[in-house]
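A.B. asks: coordinates only, sequence not included:
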């Protein structure tokens, strides 16, 4: 142990500097897991999507937006925006019947969230190791 004496203000500034470096490294390491999670969700969503013409499955796309801690992904159907909800939850028909839903989005989301958590943990550990 060394006998180093530091004033409280200097300690606070040094600690802020260290935590700022850690925060920046962690914020930067999140973008790749978000992108990979979005790809996993899109792939799972497409593979489980009802197949009639294939047009719906092909319409599923993702975009990654923001930066740092504000990074997020949006996944959905660009050309058929209302259809995913109807297919997932079911809907009434004009003749008075009901078409039951086919759950295909929720399982894909669960897979993506699980992968995202694992990837973020790994990325944060690597980022903290490099700081």
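C.D. replies: The structure has been received and is ready for your questions. Predicted model, so just to flag it, every value in this text is computed and none were measured.
A.B. asks: make sure residue 91 is indeed in a helix.
C.D. replies: No: applying DSSP: H, G, I helix; E, B strand; the rest coil, one finds residue 91 to be strand, outside a helix.
A.B. asks: now the closest residue to it other than its chain neighbours, what's its secondary structure?
C.D. replies: Among residues not flanking residue 91 along the chain, residue 99 sits closest, at 5.5 Å (C-beta to C-beta, 6 or more residues apart in numbering). C-betas here are computed from N, CA, C, even on glycine. For residue 99, the secondary structure call by three-state DSSP comes out as strand.
A.B. asks: flag the shaky bits of this structure, pLDDT-wise.
C.D. replies: 1-4, 130-131 (pLDDT under 70).
A.B. asks: quick one, longest helix in this structure?
C.D. replies: helix 105-130 (DSSP state H).
A.B. asks: where does the spatially most central residue of the chain sit: helix, strand or coil?
C.D. replies: When C-alpha atoms, centre = their mean is applied to the chain, the residue found nearest the centroid is residue 34 (4.3 Å). At residue 34, secondary structure determined by three-state DSSP is helix.
A.B. asks: one more: residue 51?
C.D. replies: Classification of residue 51 by three-state DSSP places it in coil.
A.B. asks: that one against residue 102, yeah?
C.D. replies: No: Residue 51 is not in contact with residue 102 according to C-beta atoms under 8 Å; the separation is 10.5 Å.
A.B. asks: in stretch 27-45, what counts as buried?
C.D. replies: Of all the residues in stretch 27-45, those buried under the rule 16 or more other C-beta atoms under 10 Å are 29-31, 33-42, 44-45.
A.B. asks: residue 127: which of the residues you listed is nearest?
C.D. replies: Of all the buried residues of stretch 27-45, residue 127 sits closest to residue 29, with 4.1 Å by C-beta to C-beta.
A.B. asks: span of stretch 27-34 from start to end?
C.D. replies: Using C-alpha to C-alpha, to the nearest Å, one end of stretch 27-34 lies 11 Å from the other.
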